[in-house]
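Engineer: The following block contains a protein sequence and its predicted model.
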Amino acid sequence: MSAGNTNILMNIWAALQEAKGEVVDPPFSDACGLHSTIDSIPLGNIPWEGFKVKYCGEIPENAPSWMTKEYDVWFRNPLDVLKTDFAPKKVFGRNKKRQYTDLMSGQWVWGQADELAKDPQYHGAIFVPCVLGSDKTTVSVGTGHMEYYPLYMLSGSTQKHVRQAHRNALTLIGFLAIPKRTGKFHNFRPAIS
């Protein structure tokens, strides 16, 4: 929601409270107050960065508004999010049979670590695979019926018990906010710059 719309919403909130005869301030004085509150949330020390994208295909006369607007993309640096000190491992059960408990116990990870070890430039380096995922999340209240496509990242070095306990193993690293699809909007994602 734009800063101007946030300010309007806070004014409407205050007017509704006043009309009800209640003296209750809106949750935020204005957009700056909202943004200051959001910025003060302690969700780690990796800052959010952003950039804008827009449709870069041919724009016809009477083009739909989504073709001419810019859209915000927010992200956190995946390299900073993934910092870790784990190494590949082999896990064996009581019967001396190998067990595959998580990504770092798999044969593929050992192969990647062996490849790194072949080049002296990478001696002392660690292989940290990352798993990326995305889904569509529709948010309609106060956002103008936008669809958000969040991008999540999971460090492959995260142990299974941590991942299953929902201990912040999955990290939101970015998202693209775009209007709900209408007409030729499905062409938008492949044609952004």
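Structural biologist: It's in. Residues are numbered from 1 along each chain as shown.
Engineer: drop to CA atoms for contacts and neighbour counts, all remaining ones
Structural biologist: OK.
Engineer: for the residue nearest to Tyr148 when sequence neighbours are not counted, helix, strand, or coil?
Structural biologist: Spatial nearest neighbour of Tyr148, chain neighbours left out: Ala177 (4.5 Å); criterion: Cα to Cα, 6 or more residues apart in numbering. Classification of Ala177 by DSSP: H, G, I helix; E, B strand; the rest coil places it in strand.
Engineer: Look at Ala177 and say how many residues are nearby.
Structural biologist: Other residues near Ala177 come to 19 when the count uses other Cα atoms under 10 Å.
Engineer: From Asn5, how far off is it?
Structural biologist: Noted for Ala177: a distance of 16 Å to Asn5, by Cα to Cα, to the nearest Å.
Engineer: swap in Pro26?
Structural biologist: Noted for Pro26: a distance of 14 Å to Asn5, by Cα to Cα.
Engineer: Pull the contacting residues for Ala87.
Structural biologist: The neighbours of Ala87, taking Cα atoms under 8 Å, 6 or more residues apart in numbering as the test, are 104, 126-127, 157.
Engineer: How about the backbone phi and psi for Gly133?
Structural biologist: With angles defined as degrees, to the nearest 10, Gly133 sits at phi -150, psi 160.
Engineer: and it, what are its bridge partners?
Structural biologist: Tyr152 (DSSP bridges).
Engineer: just to revisit the earlier point, out of the contacts of Ala87, which sit inside strands?
Structural biologist: Counting by DSSP state E, no part of those is found in strands.
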